[in-house]
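Asker: how would this look folded up:
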Amino acid sequence: MSTGNAPFSWHRFLLLARAHGAEQYRQYLAHMLVTGVLYCVLLLFALGVSRLSAFDTGTQSGFYFWGLYLTGFVFAGRYFDAMARRESALLALMRPASVLEKWLLCLLVVAVAYPLAYTVLFLAISWPVQQVVLAAQAMMERTSSFNPADYALFVPLLRAPKPALLLGPLQQWGFFIGLWALQALAVAGSLYFRRAALLKTLALGFGLAVLTALLCAASGARHEVIFAWWARRAPPADPAVHIFNALLWVGLPALLWWQTYVHLREKELP
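Answerer: Next up is the predicted model:
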C-alpha cells in the first residue's frame with residue numbers, strides 16, 4: 001500500500017513490527033516448539049545408538065548447522081505465508097507500510113532474529129544433555145580414553161578448546177552467509193510461486209546446487225578456490241580468487257535478497 005513519498009519511517013516501521021509480532025508470535029512459538037521437540041528426538045536416537053558417545057563438540061556443531069539450515073529454510077519460506085492465502089493476502093498488502101519497511105522487517109526477523117532464537121534454543125537443550133553425557137561417560141569403565149574437553153559445549157562463533165578439529169569462527173561465518181543466501185531464496189520463492197511455494201523453491205534450490213556443482217567440476221574449480229575466504233590457511237594472493245569469492249559469498253546473497261525486494265514490490269498495491 002502506498003505510504004506517500006517517504007520510503008522509510010521509524011514510526012511506521014515500529015508499528016509494522018509490533019503488528020507483525022502480535023499476529024505471528026503464536027506461529028513462531030509453535031515453530032520453535034516443533035524444532036525443539038525434533039532436536040530432542042534426534043538426540044535420544046543418536047545418544048541411544050552410540051551409547052552416549054555421539055555428543056562431542058564436533059557432532060554438536062553438525063547438529064547445530066544442519067538444524068539451522070533446515071528449520072531456517074522453512075521459517076523463511078513461511079514468513080510471507082499470509083500472502084498465499086486469499087483471506088489474509090489483501091490485509092497484508094494494505095498494511096500502511098512501505099515496501100522497504102516490509103522488506104527490512106523480513107530481513108531482520110528471518111536473517112537475524114531467527115538464528116539468534118534458534119541458537120538460544122539449541123544451547124538450552126544441549127547444555128543439560130552435555131552435563132548428563134559428561135556424568136555418564138565419567139562413570140563408565142572406559143575412563144582412560146575419556147577426555148571432557150572432547151565434549152565441550154558448542155557455542156557458535158566462539159573458539160573451541162580444540163580448534164584444529166572443529167570449525168573455527170571464520171568457517172562458521174561462511175556457514176551463516178550460506179544460510180542467509182538459502183533464506184533469501186526461500187523468501188523469494190514464497191513470493192514468486194503461488195502454490196506449493198516451499199516445495200517448488202526447494203526443488204529449484206536443489207537443481208541450482210547440482211548445476212553449480214557440475215559447472216565447478218567442468219571448469220576445474222578447486223575446493224581451495226571456492227572456499228578460499230574460509231580456509232584455515234591464508235587465501236591465495238591471486239586477485240581472481242578474491243573476485244570470485246566476493247561474487248559468490250557477497251554478491252550472490254545480496255542478489256537473492258534484492259530479488260525478494262523486487263518480488264515484494266511487484267505484489268504491492270498502488
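
Asker: what's the lengthiest helix in the chain packed up against?
Answerer: The residue-count maximum for a helix in the chain (DSSP state H) belongs to helix 10-50. Taking 3 or more C-beta pairs under 8 Å, 6 or more residues apart in numbering; DSSP states H and E as contact, the helices and strands that helix 10-50 lies on are helix 57-77, helix 99-107, helix 114-139. Every C-beta, even on glycine, is put in place using the N, C-alpha and C of the backbone.

Asker: for residue 174, find the nearest of those helices.
Answerer: If you check each of the helices and strands packed on helix 10-50 against residue 174 by C-beta to C-beta, helix 57-77 wins as the nearest, at 10.5 Å.

Asker: just the CA trace of the closest one, in PDB.
Answerer: Backbone C-alpha positions of helix 57-77 (Å, rounded to 0.1, in the frame of the first residue of the first chain) are rendered in PDB as follows:
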ATOM      1  CA  THR A  57      31.800 -30.900  20.200                       C
ATOM      2  CA  GLY A  58      32.200 -31.600  16.500                       C
ATOM      3  CA  THR A  59      28.900 -33.600  16.500                       C
ATOM      4  CA  GLN A  60      27.200 -30.800  18.300                       C
ATOM      5  CA  SER A  61      28.300 -28.300  15.600                       C
ATOM      6  CA  GLY A  62      26.900 -30.700  13.000                       C
ATOM      7  CA  PHE A  63      23.600 -30.800  14.800                       C
ATOM      8  CA  TYR A  64      23.600 -27.100  15.100                       C
ATOM      9  CA  PHE A  65      24.200 -26.100  11.500                       C
ATOM     10  CA  TRP A  66      22.100 -28.900   9.900                       C
ATOM     11  CA  GLY A  67      19.200 -27.900  12.100                       C
ATOM     12  CA  LEU A  68      19.700 -24.200  11.400                       C
ATOM     13  CA  TYR A  69      19.700 -24.700   7.700                       C
ATOM     14  CA  LEU A  70      16.700 -27.000   7.600                       C
ATOM     15  CA  THR A  71      14.500 -25.100  10.000                       C
ATOM     16  CA  GLY A  72      15.800 -21.700   8.800                       C
ATOM     17  CA  PHE A  73      14.700 -22.500   5.300                       C
ATOM     18  CA  VAL A  74      11.200 -23.500   6.400                       C
ATOM     19  CA  PHE A  75      10.900 -20.400   8.700                       C
ATOM     20  CA  ALA A  76      12.000 -18.100   5.900                       C
ATOM     21  CA  GLY A  77       9.700 -19.700   3.300                       C
END
